[in-house]
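Enquirer: I'd like to go over a predicted model; first the sequence, then the structure.
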Number of protein chains: 2
Amino acid sequence: MAVNIPEVSIRRLSTYLRCLRQARLRGQEWIQSSDLAESCGISGSLVRKDLSYFGEFGVRGKGYRVAELVRAIEGIIGINEPIRVVIVGAGNLGRALIHHLQEIPYFRVLAAFDRNRKKIGRKINGVEVFPIGEIKKFYREHYPQIAVLAIPPEGLQETVELLSRAGIKGILSFALQGIKTPPGVVISYVEIASQIEYLAYKIKKGSVA
Amino acid sequence: MAVNIPEVSIRRLSTYLRCLRQARLRGQEWIQSSDLAESCGISGSLVRKDLSYFGEFGVRGKGYRVAELVRAIEGIIGINEPIRVVIVGAGNLGRALIHHLQEIPYFRVLAAFDRNRKKIGRKINGVEVFPIGEIKKFYREHYPQIAVLAIPPEGLQETVELLSRAGIKGILSFALQGIKTPPGVVISYVEIASQIEYLAYKIKKGSVA
């Protein structure tokens, strides 16, 4: 299998994974590239281009075996062992994220962190809340890969620098505010507002009747 | 200005909007396409291609005037008036979403809906919780464009069909489960899990040192 898959294709692989896992949940054994394109909202030509890296798995007229393609993509993205995640902020969003991510077998939610003393020591669905000041110590013991930020915009930059100094390399943010990325860190944004705008655009265009 | 902007570019326009609004928040007046590319995590060549639709705004050596580009993109996506949103599910995620979306001036969170009698009639940051059974009546009076689903996977499909019958055309889902899309409806997924996977991949690849 080709190993030099371009960056933009890798980004889409995660989306294919979600759609393929959904198909697997529905008990679907085979999938055509056109069905994958439709369920992912990615153009058919892009899907075919991306899947050409997995060409050997396709069967003419039947498409791809769902379970096999899931395993192949997981192998490339590198989900051989669970991804270790911490949640920063134990408010409504933090609590929701803990429940959401615990549903996913290939994630481990190790801990939550907060500044609020009242929340420290509590457990949310079995996940303990630690003071944010202990993140460095926690990192040395548990090596979380990703921190998901569920905190208000105030103090966002400061928290990111704290996480970076602790050793965390990957950060997912729900905030609308931009973050100055510390060296050696990758930040990704969950674009809820952009997705709603896009939906509003699609409706306005009347692309759905 | 060109009006036939391809679908894939439109999707990226929403991302540019987020990054441009962040630049505006920072008080930045001009932006180069290369800076926009970096802050959005989109390749420079794609950004330049997309911005070619706005070619007339660019100034050699200075780039684009941030406020002008924001207005132009908003005009194309069609955010001339606030987008009317309802939240379905008044649990942790629903509450977090209400707070999050109320921060954004071009959204109006009209109401929340829930099945749980105990939650009906409550107000979350001023947003009232109605019984889900009243969505049809509510739609006829307030025409929400988008419903954001913050409910457990059980009953997801049923709820989507209820919303569709009420008249709602755009749905944003946080669930991992796929939804059979009713005719005339557009569904988009907030891919938290995919984004974490992508971050884990980037870290593993050592693309950040």
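Expert: Yep, it's here.

Enquirer: who's in contact with stretch A:8-19?
Expert: Stretch A:8-19 is contacted by residues A:5, A:36, A:39-40, A:42, A:46-47, A:49-50, A:53, A:69-70, A:73-74, A:76-77, B:43, B:176, B:178, B:189, B:191, B:193-195, B:197-198, B:201 when judged by Cβ atoms under 8 Å, 6 or more residues apart in numbering or on different chains. To be clear about C-beta, it is placed using only N, CA and C from the backbone, and glycine gets the same treatment.

Enquirer: if you set the cut-off to 7 Å instead, what comes out?
Expert: By Cβ atoms under 7 Å, 6 or more residues apart in numbering or on different chains, the list of residues contacting stretch A:8-19 from outside reads A:36, A:39-40, A:42, A:46, A:50, A:70, A:73-74, A:76-77, B:43, B:189, B:191, B:193-194, B:197-198, B:201.

Enquirer: go on, stretch A:165-181?
Expert: A:93, A:135-136, A:139, A:144-150, A:153, A:156-157, A:160, A:163, A:184-190, A:193, B:22, B:25-26, B:39, B:100, B:103-104, B:195-196, B:199-200, B:202-203, B:208.

Enquirer: Just the buried ones out of these, please.
Expert: Using 16 or more other Cβ atoms under 10 Å in any protein chain shown as the burial test, the contacts of stretch A:165-181 include A:93, A:135, A:139, A:144-150, A:156, A:160, A:163, A:185-190, A:193, B:22, B:39, B:100, B:104, B:195-196, B:199-200, B:202-203 as buried.

Enquirer: where are the low-confidence patches of chain A?
Expert: Of all residues in chain A, those with pLDDT under 70 make up the ranges A:1-3, A:55, A:206-209.

Enquirer: mind redoing it with 80?
Expert: Low-confidence segments of chain A (pLDDT under 80): A:1-8, A:11, A:25-26, A:41, A:53-57, A:77-80, A:176-178, A:205-209.

Enquirer: Give me the domain ranges for it.
Expert: By the assignment in automatic domain parsing, chain A contains the domains A:7-75, A:83-193.

Enquirer: what's the most buried one of those domains?
Expert: domain A:83-193 (a mean of 19; mean count of other Cβ atoms under 10 Å in any protein chain shown).

Enquirer: Straight-line length of stretch A:178-197, end to end?
Expert: End-to-end distance of stretch A:178-197: 18 Å, with Cα to Cα, to the nearest Å as the criterion.

Enquirer: ugh, wrong one, stretch A:150-157
Expert: 13 Å.

Enquirer: So is it next to chain B?
Expert: No. With Cβ under 7 Å from any Cβ of the partner chain as the criterion, chain B is not reached by stretch A:150-157; the gap is at least 7.6 Å.

Enquirer: just the strands in chain A please.
Expert: Assigned by DSSP state E, the strands in chain A fall at A:30-31, A:64-65, A:83-88, A:107-114, A:123-124, A:127-131, A:146-149, A:170-173, A:186-189.

Enquirer: what does the third one contact?
Expert: With contact meaning Cβ under 7 Å, 6+ apart, strand A:83-88 is reached by A:94, A:97-98, A:101, A:106-113, A:132, A:142-151, A:159, B:196-197, B:200.

Enquirer: Just the ones in helices from the contacts of stretch A:8-19, please.
Expert: A:36, A:39-40, A:46, A:50, A:70, A:73-74, A:76-77, B:193-194, B:197-198, B:201 (DSSP state H).

Enquirer: can you tell me which two in the residues you listed are farthest apart?
Expert: Spanning the widest gap among the ones in helices among the contacts of stretch A:8-19 are A:39 and B:201, at 21.7 Å by Cβ to Cβ.

Enquirer: which non-adjacent residue is nearest residue A:135?
Expert: Leaving aside its chain neighbours, residue A:135 sits nearest to residue A:166 (4.5 Å; criterion: Cβ to Cβ, 6 or more residues apart in numbering or on different chains).

Enquirer: Would you mind measuring from that neighbour to residue B:203?
Expert: Here residue A:166 is placed at a distance of 14 Å from residue B:203 (Cβ to Cβ, to the nearest Å).

Enquirer: cool, residue A:184 as well?
Expert: 10 Å.

Enquirer: The longest helix seen in chain A: how far from the chain's middle?
Expert: Longest among the helix segments of chain A by residue count, using DSSP H, is helix A:7-25. Centroid separation for helix A:7-25 versus its chain: 11 Å, with Cα atoms, centre = their mean, to the nearest Å.

Enquirer: same thing with stretch A:132-147?
Expert: So, by Cα atoms, centre = their mean, the centroid of stretch A:132-147 is 19 Å from its chain's centroid.

Enquirer: Please save the CA atoms from it in PDB.
Expert: Output in PDB follows, covering the C-alpha atoms of stretch A:132-147 (Å, rounded to 0.1, in the frame of the first residue of the first chain):
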ATOM      1  CA  ILE A 132      -5.200  22.700  36.200                       C
ATOM      2  CA  GLY A 133      -2.000  23.500  38.000                       C
ATOM      3  CA  GLU A 134      -1.300  19.700  38.200                       C
ATOM      4  CA  ILE A 135      -1.300  19.200  34.500                       C
ATOM      5  CA  LYS A 136       2.500  19.000  34.300                       C
ATOM      6  CA  LYS A 137       2.700  16.300  37.000                       C
ATOM      7  CA  PHE A 138      -0.200  14.500  35.400                       C
ATOM      8  CA  TYR A 139       1.500  14.500  32.000                       C
ATOM      9  CA  ARG A 140       4.600  13.000  33.300                       C
ATOM     10  CA  GLU A 141       2.600  10.100  34.700                       C
ATOM     11  CA  HIS A 142       0.000   9.500  32.100                       C
ATOM     12  CA  TYR A 143       1.200  11.100  28.800                       C
ATOM     13  CA  PRO A 144      -2.100  12.400  27.500                       C
ATOM     14  CA  GLN A 145      -1.700  13.100  23.700                       C
ATOM     15  CA  ILE A 146      -4.600  15.500  23.200                       C
ATOM     16  CA  ALA A 147      -6.200  18.200  25.400                       C
END
